[in-house]
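Student: Sequence and predicted structure below; questions after.
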Amino acid sequence: MDDAVKEIDSLVYSTLEKIRAKGGTIKKGINEVTKVLERSQAKLVVYAADVSPKEIVMHLPLLAKDQNVPCIEVKAKTDLGKAVGMNIGASAIAVTDAGEEAHSLEDLISKIKSI
């Protein structure tokens, strides 16, 4: 795996952990993520690459692009689930409110846009 990809993955996970710890709002699951995207409430969308079948998350990057919301794919749904405080994997999450960690979210978004 490319070092830059590993670095961005770990940055995504750590930022999500901070947002969750500081009272931010994170929606979990493909249906919830789709809803907040359609309602223009999402600030960031993250989905896992190891989702099977792929078709269940394929619409998220397109919908995020239509809504002008940054969207990034991470390697593993188990790691994504852990980052947002779940004991199981998360196929997709959306940050709707970063709480006290708004600056961390902005930093992450600027790194995602520079990729």
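Tutor: That came in fine, so what should we check first? Numbers count the residues shown, from 1 in each chain.
Student: Can you check what pLDDT the model gives Asp3?
Tutor: On pLDDT, Asp3 comes in at 78.
Student: ok, how many other residues are close to the residue nearest to Asn87 when sequence neighbours are not counted?
Tutor: With CB to CB, 6 or more residues apart in numbering as the criterion, Asn87 has its nearest non-adjacent residue at 7.4 Å, and that residue is Gly81. Heads up, the C-betas are built off the backbone N, CA and C, glycines and all. Residues contacting Gly81 under the criterion other CB atoms under 10 Å number 18.
Student: again with Val74
Tutor: A count of nearby residues for Val74, using other CB under 10 Å, gives 22.
Student: show me what contacts it?
Tutor: 9, 12-13, 46-49, 80 (CB atoms under 8 Å, 6 or more residues apart in numbering).
Student: so which of these would you say is closest to Ser104?
Tutor: Using CB to CB, Val12 is the member of the contacts of Val74 that lies nearest Ser104, at 10.8 Å.
Student: Look at the closest one and say how many residues are nearby.
Tutor: What Val12 shows, counting by other CB under 10 Å, is a neighbour count of 23.
Student: Pull the residues that contact the one helix or strand it maps to.
Tutor: Here Val12, judged by DSSP states H and E, is contained in helix 3-21. Contact with helix 3-21 is made by 26, 46, 72, 74-75, 79-80, 82-85, 93, 95, 98-99, 101, 104-105, 107-108, 111-112, 115, as judged by CB under 8 Å, 6+ apart.
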